[in-house]
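Q: Here you go, sequence then predicted model.
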Amino acid sequence: QLQFVESGGGLVQPGGSLRLSCVASGYSLDYYAIGWFRQVPGKEHEGVSCISSTPITGYYAEFVKGRFTISRDNAKKTVYLQMNSLKPEDTAVYYCARTRDFCSGYERGRALDAWGQGTLVTVSS
């Protein structure tokens with residue numbers, strides 16, 4: 001079974017940066033599309049970004065385009081989310097999970113795995 005551990009969250013001022021990591025255990029990431037999602041209390045998970053496997057392509061929600069960059073290192077079984085120019089509205093718990101092929105459905109918060117513990121990102125002055 002593929003499981004993920006998210007890390008890298010924290011408290012950052014508006015305009016700051018963080019890099020989130022999503023490390024997989026279980027088996028290889030090579031063949032899977034992996035998405036980053038976020039959730040705030042009282043709301044559903046929403047898709048933030050996703051990276052497909054073949055070809056490797058990054059997809060972004062409109063509200064993070066130009067600010068966030070997704071990447072993957074299959075050898076390390078890790079997917080990263082570089083977050084720049086953070087805004088208070090980016091405050092949320094961030095999760096990673098597999099998505100359908102070619103990141104289909106990620107933008108609607110659809111993931112193939114149960115949610116892990118996530119990592120909390122707080123953007124505040």
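A: Great, that's in hand.
Q: So which residues of the protein form strands?
A: Taking DSSP state E to define them, one finds strands in the chain at 3-7, 10-12, 18-25, 33-39, 46-51, 58-60, 68-73, 78-83, 92-99, 119-123.
Q: now the ones you listed as JSON lines including distance to L112, mean pLDDT and mean neighbour count?
A: The C-beta positions use only the backbone N, C-alpha and C, and glycine is treated the same way. Shown next, in JSON lines, are the strands of the chain (distance: least, Cβ to Cβ, whole Å; pLDDT from 0 to 100; neighbours: other Cβ atoms under 10 Å):
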{"stretch": "strand 3-7", "distance to L112": "11", "mean pLDDT": "95", "mean neighbour count": "18"}
{"stretch": "strand 10-12", "distance to L112": "28", "mean pLDDT": "98", "mean neighbour count": "14"}
{"stretch": "strand 18-25", "distance to L112": "13", "mean pLDDT": "96", "mean neighbour count": "19"}
{"stretch": "strand 33-39", "distance to L112": "9", "mean pLDDT": "97", "mean neighbour count": "25"}
{"stretch": "strand 46-51", "distance to L112": "12", "mean pLDDT": "98", "mean neighbour count": "24"}
{"stretch": "strand 58-60", "distance to L112": "16", "mean pLDDT": "97", "mean neighbour count": "18"}
{"stretch": "strand 68-73", "distance to L112": "16", "mean pLDDT": "97", "mean neighbour count": "18"}
{"stretch": "strand 78-83", "distance to L112": "14", "mean pLDDT": "98", "mean neighbour count": "22"}
{"stretch": "strand 92-99", "distance to L112": "4", "mean pLDDT": "97", "mean neighbour count": "24"}
{"stretch": "strand 119-123", "distance to L112": "20", "mean pLDDT": "98", "mean neighbour count": "18"}
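Q: Out of the ones you listed, which gets nearest to D113?
A: strand 92-99 (4.3 Å; Cβ to Cβ).
Q: Pull up the pairing partners for the closest one, direction included.
A: Next to strand 92-99 in the sheet, as set by DSSP bridges, lie strand 33-39 (antiparallel), strand 119-123 (antiparallel).
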